[in-house]
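A.B. asks: Below are the sequence and a predicted model for it; my questions follow.
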Amino acid sequence: MAKFIPDVTISRVHGKPRAVLWHGRDIIVVPMYHPAAALRRGEILEHTKEDFKVIRKTLDEINRPKKAKVEQMKLV
C-alpha cells in the first residue's frame, strides 16, 4: 500500500478508492487489509467483505458507458 499511498494507515484508508499516478498512468487503487488479517480477526473479515463490495461498485462505475450527447436537429 505504501507504494501507492504513502504516509497513511490501512485502518483509515481501507475500502476508499483513490486515483493515483503510477508509472505515468492514472489508476484507481482500493486499499484493503491483508487476507491473513481477516482470518485472525472477525472485525477485519467484515471490513474485507465490505471492501470487496466497494471494488465491485468502483469497477461498475469505471465501466459504465458514458452517455453520448445527442444534438437535436431542427428540420426547416
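C.D. replies: Okay, I see it. Numbering: from 1, shown residues only.

A.B. asks: What distance do you get for the spatially most central residue of the chain to His47?
C.D. replies: Computing the C-alpha centroid of the chain and ranking residues by Cα atoms, centre = their mean puts Pro17 first, at 3.4 Å. Distance, Pro17 to His47, using Cβ to Cβ, to the nearest Å: 15 Å. (Glycine included, C-beta is placed from N, CA and C.)

A.B. asks: Next up, phi/psi of the residue nearest to the centre of the chain, please.
C.D. replies: Dihedral angles of Pro17 (phi, psi; degrees, to the nearest 10) stand at phi -60, psi 140.

A.B. asks: Same check on Ile27?
C.D. replies: Dihedral angles (degrees, to the nearest 10) for Ile27: phi -130, psi 160.

A.B. asks: Could you number the chain from 4 rather than 1 from now on?
C.D. replies: Sounds good: first residue 4 from here, last item Ile30.

A.B. asks: Measure how buried it is and give me the count.
C.D. replies: 11 (other Cβ atoms under 10 Å).

A.B. asks: Verify the stated contact: it with Val23.
C.D. replies: Yes: at 6.0 Å, Ile30 and Val23 qualify as touching, with contact defined as Cβ atoms under 8 Å.

A.B. asks: Low-confidence regions, this protein specifically.
C.D. replies: Filtered on pLDDT under 70, the chain yields the residue ranges 70-79.

A.B. asks: Is Pro34 in a helix, a strand, or coil?
C.D. replies: At Pro34 the chain is in coil, as set by DSSP: H, G, I helix; E, B strand; the rest coil.

A.B. asks: what's the burial count for it?
C.D. replies: Each residue near Pro34 was counted by other Cβ under 10 Å, and the total is 18.

A.B. asks: Surely it touches Ile13?
C.D. replies: Yes: using Cβ under 8 Å, Pro34 is in contact with Ile13, at 6.1 Å.

A.B. asks: and the residue nearest to the centre of the chain, what does it touch?
C.D. replies: Pro20 makes contacts with Ile31, Val32, Val33, Val57, Thr61, as judged by Cβ atoms under 8 Å, 6 or more residues apart in numbering.

A.B. asks: Tell me which stretches of the chain form helices.
C.D. replies: Assigned by DSSP state H, the chain shows helices spanning 13-16, 38-43, 45-66.
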